[in-house]
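1. sequence and predicted model, in that order:
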Amino acid sequence: MKIIRLPHAMSRWSDRLRREGVTIGLVPTMGALHDGHRALIKAARLQCDALVVSIFVNPTQFSPNEDLSRYPRPIAKDRALCRGEGVDVCFEPDAGAMYPEGFQTIVTVPVVAQHWEGASRPHHFAGVATVVTKLFSIVRPHVTLFGQKDFQQAALIRRLIRDLNLGIDLIVPDTIREPDGLAMSSRNIYLTPFQRRAAPTFHQALLIGRTAVETGLRDSRSIEQRMRHVIGREPTMSVDYLAICDPETLEPLTRIERRAVILGAVRIGSVRLLDNMMVAVKPRR
Ligand code: PAF
């Protein structure tokens, strides 16, 4: 496995392979890789001949009060995971290479970014859209994979690829979960053992939401109330947002008529957890 740090060296490697007709896949990450990333990397391996995993803790998607400085950076472990999964290149630029002096271009996808995570973390998605656009320009992949846990992020990347005619195939595999249902995330390591035991309540609430839809409830507010009731039973957990939305536009729905996604973020202490659940109304026979 090659480790490439400089953007121009990364592009040179990709250009050579592209000329040889090799299909390139990219899994963008911020490192602290877990089994959720491993599943993405395995899925990516099946979609391309040459696989690049980028590891870059992107400063522009953190606001000043967030966890940039303490974000985990276990680079040796991350490389070992990549090596074990047959990754061809770990692209590990530093902040100076990605944002050299004078850098000023910002990519925004304003409508997809306006609600939910975008409202809770105002500059987050501009940082994500900008760095992902840069990663796409540097690595020049044919295919890229993003996890479904960050549903709004994946929707934003889908829009970005379409709007900018990037011609990259986006694959969004299902969220990988711990056996008790907690969605895997690099930030789960911040949970104390006590908080970790409480955390699956979030997934249970989403399951209650899905069951409500499956048993005929259509009114979003009532479904939301059922989920809030479950979360309310866990004293350490508070809701940041819970929303039932159109899966394409992410606009809130007052009633579920067909497909919808339940998006949510909760806090346990200072840890913020994200998760979501697709729901669908079954057609009447
Ligand atoms: O999901 C992440 O880890 C990050 O937001 C991403 C896509 C790697 C951009 O920094």
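-> Looks like it came in fine. Residues are numbered from 1 along each chain as shown.
2. just list the residues touching residue 109, thanks.
-> Residue 109 makes contact with 125, 129, 156, 159, 160, 163 under the criterion CB atoms under 8 Å, 6 or more residues apart in numbering. For the C-beta atoms, the positions are set from N, CA and C on the backbone; glycine is no exception.
3. list the contacts of stretch 251-265.
-> Outside stretch 251-265, the residues within contact range by CB under 8 Å, 6+ apart are 115-117, 120, 151-152, 202, 205-206, 209-210, 213, 218-221, 223, 227, 239-247, 250, 272-281.
4. distance between the helix of greatest length in the chain and the chain's centre?
-> Longest helix of the chain, by residue count under DSSP state H: helix 124-139. A distance of 13 Å separates the centroid of the chain from that of helix 124-139, by CA atoms, centre = their mean, to the nearest Å.
5. cool, stretch 273-285 as well?
-> 19 Å.
6. now do stretch 35-50
-> Centroid displacement of stretch 35-50 relative to its chain, using CA atoms, centre = their mean, is 15 Å.
7. for that stretch, give the mean pLDDT please.
-> Taken as a whole, stretch 35-50 has an average pLDDT of 98.
8. that one and the ligand in contact?
-> No - residues of stretch 35-50 contacting the ligand under CB under 6 Å from any ligand atom: none, with a closest distance of 8.6 Å.
9. report the buried residues of that stretch.
-> 36, 37, 38, 39, 40, 41, 43, 44, 45, 47, 48, 50 (16 or more other CB atoms under 10 Å).
10. if we can go back for a sec, the contacts of stretch 251-265 in helices, which ones?
-> Filtering the contacts of stretch 251-265 for helices - DSSP H - leaves 117, 120, 151-152, 202, 205-206, 209-210, 213, 220-221, 223, 227.
11. quick check: closest non-adjacent residue to the residue of the stretch 151-285 of the chain found nearest the ligand.
-> The nearest approach of the stretch 151-285 of the chain to the ligand comes at residue 153, 5.8 Å away (CB to the nearest ligand atom). Spatially, and ignoring its direct neighbours in sequence, residue 153 is nearest to residue 128 (6.0 Å; CB to CB, 6 or more residues apart in numbering).
12. cool, residue 15 as well?
-> What sits nearest to residue 15 in space, not counting adjacent residues and going by CB to CB, 6+ apart, is residue 140, at 7.0 Å.
13. tell me the phi and psi of the one you found?
-> Main-chain dihedrals, residue 140, degrees, to the nearest 10: phi 50, psi 50.
14. measure it to residue 114 for me?
-> Note on residue 140: its distance to residue 114, by CB to CB, to the nearest Å, is 30 Å.
15. of the two, who's got more company?
-> Between residue 140 and residue 114, residue 140 has the larger neighbour count (other CB atoms under 10 Å), namely 19 against 12.
16. give the rounded mean pLDDT of stretch 161-174.
-> The average pLDDT within stretch 161-174 is 98.
17. distance between the ends of that stretch?
-> End-to-end distance for stretch 161-174, by CA to CA, to the nearest Å: 20 Å.
18. middle-most residue in the protein, spatially?
-> residue 150 (3.2 Å; CA atoms, centre = their mean).
19. tell me the bridge partners for the closest residue to it other than its chain neighbours.
-> Nearest residue to residue 150, sequence neighbours excluded (CB to CB, 6+ apart): residue 274, at 6.5 Å. Counting by DSSP bridges, residue 274 forms beta bridges with residue 265.
20. ok, residue 274 - contacts?
-> Residue 274 sits in contact with 117, 149, 150, 183, 185, 264, 265, where contact means CB under 8 Å, 6+ apart.
21. thinking the fifth one is in contact with residue 273, fair?
-> So that's residue 185. Yes - counting by CB atoms under 8 Å, residue 185 does reach residue 273; the two are 6.9 Å apart.
22. for burial, what's the neighbour tally of residue 266?
-> Residues contacting residue 266 under the criterion other CB under 10 Å number 23.
23. how about it, what does it touch?
-> For residue 266, the contact set (CB under 8 Å, 6+ apart) comprises 202, 231, 237, 238, 239, 240, 272, 273.
24. state the distance from it to residue 15.
-> In terms of CB to CB, residue 266 sits 44 Å off from residue 15.
25. for residue 43, same thing?
-> With CB to CB as the criterion, residue 43 and residue 15 are 25 Å apart.
26. name the nearest residue to residue 120, ignoring sequence neighbours.
-> The shortest distance from residue 120 to any non-neighbouring residue, by CB to CB, 6+ apart, is to residue 240 (5.8 Å).
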